Each structure stands twice: as structure tokens, then as C-alpha cells.
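Student: pasting the structure only:
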Ligand SMILES: [Zn+2]
């Protein structure tokens, strides 16, 4: 009897270990930025026990988890944008300018929606 091991199955065995599945459908360690052989359970376990991984995962955990996707953040961003625009004497319709929007979108998308002057 053979059961097929998929990276997805392996991931379920090791939740909360900074593991994910990359585009090549490999088990991938987010903290070490490397793929792990998911077919052998011991290689996953071994990787998780390495000193490199332990220190990498600690580093990852100390990075504050900022959720830009909340309404509160979006609202704050909008308010600050208004303050900034007013303080710089920039008319609100400048937000609709393509170059300005592209500039903001390049840095903030997809987590942030850039308001148009109509929604301010
Ligand atoms: Zn790792």
C-alpha cells in the first residue's frame, strides 16, 4: 500500500513552523527561504531542529505583525493623506493623477487601496 505524500499533507503535520508551499509545489521554509524535501518526514523534522532554522524562525517572529488590511489602518491612512495634502497645499484632485496614483500603488498595493479624491 502506498500513499502519496503531497507537500500539502506535510504542511498539515507541521503547522506553525513557518512552512508554506511555494510555486513549484515544494515544501518551503519561510524563515530560511529554502525548500525542504517533503517526501521524507525526517528531513522536515531535521530541518526544523537545525540551529539555523531555530534562529531564523525567532527572527521572523520578532517582526511585528502589521496588518495593513484593517479598516482602521485604511481610515488612518486616508486621514493622514488629507492632512498631508492640505498641509502641502496639494489639491485633492491630484490624487487622480495617473503618475501619483501609480507611485502610491507601486508601494502600497495590494494591501492598501488608494482613495480617489471623490472618496476623501
Ligand atoms: Zn527553516
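Tutor: Everything's here; your move. Every value quoted in this text rests on a predicted model; they were computed, and no experiment measured them.
Student: check whether the host helix or strand of residue 54 contacts the ion.
Tutor: Assigned by DSSP states H and E, residue 54 belongs to helix 51-62. Yes: counting by Cβ under 5 Å from the ion, the ion is contacted by helix 51-62 at residue 53. Backbone N, C-alpha and C define where each C-beta goes, glycine included.
Student: what distance separates that helix from the centre of its chain?
Tutor: Centroid separation for helix 51-62 versus its chain: 17 Å, with Cα atoms, centre = their mean, to the nearest Å.
Student: per-residue confidence for residue 42?
Tutor: Listed pLDDT for residue 42 reads 95.
Student: residue numbers of the chain in contact with the ion?
Tutor: 29, 31, 32, 53.
Student: who wins on neighbours among those?
Tutor: Neighbour counts for the residues of the chain next to the ion (other Cβ atoms under 10 Å) peak at residue 29, which has 24 neighbours.
Student: bridging residues for that one?
Tutor: Using DSSP bridges, the bridge partners assigned to residue 29 are residue 19, residue 34.
Student: surely it is in contact with residue 19?
Tutor: Yes: between residue 29 and residue 19 there is a contact under Cβ atoms under 8 Å: 5.9 Å.
Student: what touches both of those two?
Tutor: residue 36 (Cβ atoms under 8 Å, 6 or more residues apart in numbering).
Student: just how off-centre is stretch 77-91 within its chain?
Tutor: For stretch 77-91, the distance to the chain centre is 27 Å (Cα atoms, centre = their mean).
Student: and that stretch, what's buried?
Tutor: 77, 78, 81, 85 (16 or more other Cβ atoms under 10 Å).
Student: so which of those is the closest to the ion?
Tutor: residue 77 (33.6 Å; Cβ to the ion).
Student: secondary structure element for that closest one?
Tutor: Judged by DSSP H and E, residue 77 forms part of helix 71-87.
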